[in-house]
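Chemist: generate coordinates for the sequence data below:
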Amino acid sequence: MTFNDLQLNPAILQALAKENYTTPTPIQEQAIPSVLAGRDLLGCAQTGTGKTAAFSLPIIDRLLNQPRKSGSIRPIRSLILSPTRELAIQIADNITAYCQFTDLRCTAIVGGVSQRVQERALSRGTDILIATPGRLIDLLNQKCIQLHDVHTLVLDEADRMLDMGFIHDVKRILSKLPREKQTLFFSATMPPEITKLVKSILVNPVKVEITPVSSTVDRIQQSVYKVEKGNKRHLLKHLLEDPSIGSALVFTRTKHGADRMVRELKKADITAQAIHGDKSQNARQSALSNFKSGATRILVATDIAARGIDIEELSHVINIDLPNIPETYVHRIGRTGRAGMSGIAISFCEEEEFPYLKDIEKLIKKQIPEVKEHPYPIGSFVPAPQTDKPSRPAGMRPSKPKARTHAPRGKHHAGQRTV
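Modeler: Below is the predicted model:
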């Protein structure tokens, strides 16, 4: 099957040809006809399967076939909710490419950047709005935006919205939308809370399930290194001595850990930047752009910030810390091995993470090969460099020595001082 067989608008097909899209992915092949028919849809698919085009192409087609209401400002007719800024911007970039031969407009509104710029864009009108829940709620509360003309709603990465605590914002946004609308719901996993939400907002949906989360892409070469926690940074620098690792997306469990790893890599003259929730939107976009262009060799990310990172030809994903949720491992390594290409996923596992490794292998139904020949096996430890100065709690100033006015009491050995 080709995109021509899906009977999409010629302007869309022209854009797809220019972007070198020829054959739809399985989720696109199954979802697009149902969305074109106006059906609600429940899509369960992991990252990298082509979900964005699966919902955006038929939305664009339907908008082209439905004339806008007459008026000076074009109303928002499609709303796409995304859990992260990066994913929202990525979706907007993709839709802009798909719409390049039409007069449709799409706008992304996200937190972390100037609201005034977004207000000006909204004042000019937009057909498709891509938004993060928090910023959209802000604009709704300020009456800067109207959603009463929305006839298609997309909830993308719904499980991550739940993880990030957006579920109440989503429900508030739903209350502002027309009762009669088409709803498209995409989630990599289906925890009970998501299932409950699905039943409350979807009407007789078509269910499309592609590449269950319990499976990993076969073309990704996986391996695990068992290593002491304190040696992980040394092992990473050792592996990066291999010039074949031109670039790598490195995952850490915490934001602090990501920043610390970047500092360690820079000390070793390895270009690296971090991307996580404490970074400003401009800093995150700059880090992502530098990584995509090759100016930065290593991008260190946390799980939440990594949602929406779509990098073509990414060869390596390295897990410094194993995630305690096995599905997260699948999402992480799914950043490589995209679009039919091969990929390499390397994981470090300290002793406390052995149960996490066992859970991951149970989920993916395969044993991850262990690399035993490396300089930092379990049982070895490279201590941190010692300094001459005694350590003291962070933020505490060194106290000045007090002048001794009398000899210390008690009997002491020669040269011994009291403490």
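
Chemist: which SS class is the closest residue to residue 102 other than its chain neighbours?
Modeler: Leaving aside its sequence neighbours, residue 102 sits nearest to residue 11 (CB to CB, 6 or more residues apart in numbering; 4.9 Å). For glycine as for every other residue, the C-beta is placed from the backbone atoms N, C-alpha and C. What DSSP: H, G, I helix; E, B strand; the rest coil gives for residue 11 is helix.

Chemist: try residue 56
Modeler: Classified using three-state DSSP, residue 56 is helix.

Chemist: okay, now it: neighbour count?
Modeler: Residues near residue 56, counting by other CB atoms under 10 Å, number 28.

Chemist: what residues does it make contact with?
Modeler: By CB atoms under 8 Å, 6 or more residues apart in numbering, the contact set of residue 56 is 80, 91, 94-95, 98, 128.

Chemist: before we move on, what about residue 346?
Modeler: Counting by CB under 8 Å, 6+ apart, residue 346 touches 223-225, 239, 316-319.

Chemist: the residue nearest to residue 157 when sequence neighbours are not counted: which element?
Modeler: In this structure, residue 157 finds its nearest non-sequential neighbour in residue 83, 4.9 Å apart by CB to CB, 6+ apart. Using DSSP states H and E, residue 83 falls within no helix or strand.

Chemist: surely residue 83 touches residue 134?
Modeler: No: Residue 83 is beyond contact range of residue 134, at 10.0 Å (criterion: CB atoms under 8 Å).

Chemist: please enumerate the shared neighbours of those two.
Modeler: residue 166.

Chemist: please say which of the two ends up with more neighbours.
Modeler: Remark: of residue 83 and residue 134, residue 83 carries more neighbours, 25 against 16, as counted by other CB under 10 Å.

Chemist: how much space between that one and residue 280?
Modeler: Relative to residue 280, residue 83 is positioned 18 Å away (CB to CB, to the nearest Å).

Chemist: try residue 5
Modeler: Between residue 5 and residue 280 the computed distance is 44 Å (CB to CB).

Chemist: the contacts of residue 56 in helices, which ones?
Modeler: Residues of these located in helices (DSSP state H): 91, 94-95, 98.

Chemist: quick check, residue 154 in a strand?
Modeler: Yes: counting by three-state DSSP, residue 154 is found in a strand.

Chemist: what is the most widely separated pair among the contacts of residue 56?
Modeler: For the contacts of residue 56, the farthest-apart pair by CB to CB is 80 and 98; their separation is 12.8 Å.

Chemist: just how off-centre is the helix or strand where residue 354 lies within its chain?
Modeler: Of the helices and strands defined by DSSP H and E, residue 354 is found in helix 354-364. Offset of helix 354-364 from its chain centre (CA atoms, centre = their mean, to the nearest Å): 22 Å.

Chemist: mind listing what's buried in that helix?
Modeler: 356-357, 359-361, 363-364 (16 or more other CB atoms under 10 Å).

Chemist: what ranges does the stretch 301-419 of the chain have for its helices?
Modeler: Here the stretch 301-419 of the chain has its helices, by DSSP state H, counting those that start in this stretch, at 303-306, 326-333, 354-364.

Chemist: try the stretch 101-250 of the chain
Modeler: Ranges of helices within the stretch 101-250 of the chain are 115-123, 133-141, 158-163, 167-175, 192-201, 232-239, based on DSSP H, counting those that start in this stretch.

Chemist: which one of the ones you listed is the most hemmed in?
Modeler: Ranked by mean neighbour count, the helices of the stretch 101-250 of the chain are led by helix 158-163 with a mean of 22 (mean count of other CB atoms under 10 Å).

Chemist: packing partners of that helix?
Modeler: Packing partners of helix 158-163 (3 or more CB pairs under 8 Å, 6 or more residues apart in numbering; DSSP states H and E): strand 182-187, helix 192-201.

Chemist: got CSV for these, with distance to residue 143 and mean pLDDT too?
Modeler: Converted to CSV, the helices and strands packed on helix 158-163 look like this (distance: least, CB to CB, whole Å; pLDDT from 0 to 100):
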stretch, distance to residue 143, mean pLDDT
strand 182-187, 24, 93
helix 192-201, 24, 85
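
Chemist: out of the ones you listed, which gets nearest to residue 37?
Modeler: Between residue 37 and those, the tightest spacing by CB to CB is seen for strand 182-187, at 9.7 Å.

Chemist: what helices or strands is that closest one leaning on?
Modeler: In this structure, strand 182-187 packs against strand 41-45, helix 51-64, strand 152-155, helix 158-163, helix 192-201, with contacts taken as 3+ CB pairs under 8 Å, 6+ apart.

Chemist: so which of those is nearest residue 301?
Modeler: For the helices and strands packed on strand 182-187, the distance to residue 301 is smallest for helix 158-163, at 13.9 Å, taking CB to CB.

Chemist: list the contacts of that closest one.
Modeler: Residues outside helix 158-163 that contact it (CB under 8 Å, 6+ apart): 81, 83-84, 133, 155, 167, 170, 185-191, 193-194, 197, 304, 307.

Chemist: mean confidence (pLDDT) on it, please.
Modeler: Helix 158-163 carries an average pLDDT of 78.

Chemist: got the CA positions of it in CSV?
Modeler: Taking Å, rounded to 0.1, in the frame of the first residue of the first chain, the C-alpha atoms of helix 158-163 are listed here in CSV:
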residue,chain,number,x,y,z
ALA,A,158,-2.0,10.1,27.2
ASP,A,159,-0.1,7.8,29.6
ARG,A,160,2.6,10.4,30.0
MET,A,161,0.0,13.1,30.7
LEU,A,162,-1.2,10.9,33.5
ASP,A,163,2.4,10.5,34.9
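
Chemist: which of the contacts of residue 56 has the largest number of neighbours?
Modeler: When the contacts of residue 56 are compared by neighbour count (other CB under 10 Å), residue 95 ends up highest, at 27 neighbours.

Chemist: my guess is that one meets residue 60, correct?
Modeler: Yes: using CB under 8 Å, residue 95 is in contact with residue 60, at 7.2 Å.

Chemist: and for the two, which residues touch both?
Modeler: Listed as contacting both residue 95 and residue 60 by CB under 8 Å, 6+ apart are residue 128.
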